[in-house]
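Colleague: No letters, just coordinates:
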Ligand code: 6PG
């Protein structure tokens with residue numbers, strides 16, 4: 001389903017409400033909940049919204065595990081760190097047990113960090129699957145750290161891999177389609193006019209995940225929703 005909201009502020013409110021509803025449902029049905037979060041600019045306001053008392057009091061944090069859809073291979077103190085973002089905007093303000101925020105060990109070399117994070121997720125999930133994943137959309141069509149033309153988009157076995165982005169001189173660790181598409185619920189958060197063209201391209205045929213990795217996201221037995229603001233939605237439904 002595609003839900004269009006007025007602006008970035010409403011997007012954060014709706015995303016936070018969705019988080020609370022999904023977490024409560026998972027805990028009611030299965031006694032715990034595993035959520036994977038993304039970084040970038042868009043989710044910051046959502047995390048801050050979830051951390052407000054009105055929202056956070058609705059969540060049983062003792063039954064929740066937070067982990068990451070991807071991470072930049074930078075120290076946990078670096079402003080580009082997704083772990084730092086989630087800690088500062090969310091985890092530091094809610095009673096989430098420290099051991100239930102599962103970070104990528106970016107102090108390890110990238111490939112080792114990927115292997116270690118895959119072990120973390122396999123131990124956490126066992127035969128279960130993520131309950132909820134928040135994803136973003138890059139203006140080149142990437143999602144998590146699945147970038148156009150890069151091998152992780154085609155990964156079919158590993159849950160987590162490392163990938164070097166030479167143009168940004170950075171390594172990333174990313175979850176892959178087999179894990180992402182196993183989720184019970186995936187919600188893309190997309191905001192701003194700069195995303196209008198790529199959002200249109202991702203939602204319309206032709207399907208070419210190698211060029212537009214967000215198109216590889218198709219939950220096998222789950223629900224996929226798009227939460228987009230009006231500026232990002234400007235080109236949806238238009239031809240061309
Ligand atoms: C990250 C991501 C990435 C992000 C998109 C959109 O950590 O950077 O997981 O896939 O979601 O690049 O980012 P914005 O929200 O900044 O547009």
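Modeller: Now that the structure is in, tell me what you want to look at. No experiment lies behind these values; they were computed from the predicted model shown.
Colleague: Listing request: residues of this protein with sub-threshold pLDDT.
Modeller: Filtered on pLDDT under 70, the chain yields the residue ranges 238-240.
Colleague: Pull out the buried residues from the helix or strand containing residue 122.
Modeller: Per DSSP states H and E: residue 122 is located in helix 110-125. By neighbour count on 16 or more other Cβ atoms under 10 Å, the buried set for helix 110-125 is 110, 113, 114, 115, 117, 118, 120, 121, 125. Glycine gets a C-beta too; all of them are placed from N, C-alpha and C.
Colleague: now swap in stretch 130-147 and tell me
Modeller: Neighbour counts over stretch 130-147 (16+ other Cβ under 10 Å) mark 130-138, 141-147 as buried.
Colleague: same deal with stretch 6-26?
Modeller: Across stretch 6-26, burial judged by 16+ other Cβ under 10 Å covers 8, 11, 12, 14, 15, 16, 18, 19, 20, 22, 23, 26.
Colleague: re the thing from before, from the buried residues of stretch 130-147, which are also near the ligand?
Modeller: Among these, the residues within reach of the ligand (Cβ under 6 Å from any ligand atom) are 136, 137, 138, 142, 143, 144.
Colleague: show me what contacts the last one?
Modeller: For residue 144, the contacting residues are 38, 69, 70, 135, 174, 175, 180, by Cβ atoms under 8 Å, 6 or more residues apart in numbering.
Colleague: Swap in 10 Å and give it another go.
Modeller: 36, 38-39, 68-71, 133, 135-136, 138, 152-153, 172-177, 179-180, 213-214, 216-217 (Cβ atoms under 10 Å, 6 or more residues apart in numbering).
Colleague: mind checking how far stretch 205-218 is from the chain centre?
Modeller: Offset of stretch 205-218 from its chain centre (Cα atoms, centre = their mean, to the nearest Å): 17 Å.
Colleague: Could you do stretch 167-185 as well?
Modeller: Relative to the mean C-alpha coordinate of its chain, stretch 167-185 is positioned 8 Å out (Cα atoms, centre = their mean).
Colleague: Could you see whether the ligand lies near that stretch?
Modeller: No. Stretch 167-185 lies out of reach of the ligand by Cβ under 6 Å from any ligand atom, never closer than 7.8 Å.
Colleague: Looking from the ligand, tell me which residue of this protein is nearest.
Modeller: residue 136 (2.1 Å; Cβ to the nearest ligand atom).
Colleague: Provide the partner residues of that residue in its beta bridges.
Modeller: Taking DSSP bridges as the rule, residue 136 bridges to residue 189.
Colleague: go on, residue 224?
Modeller: On the basis of DSSP bridges, residue 224 is bridged to residue 186.
Colleague: That one and residue 1 touch, don't they?
Modeller: Yes. Look at residue 224 against residue 1 with Cβ atoms under 10 Å: they come within range, at 8.1 Å.
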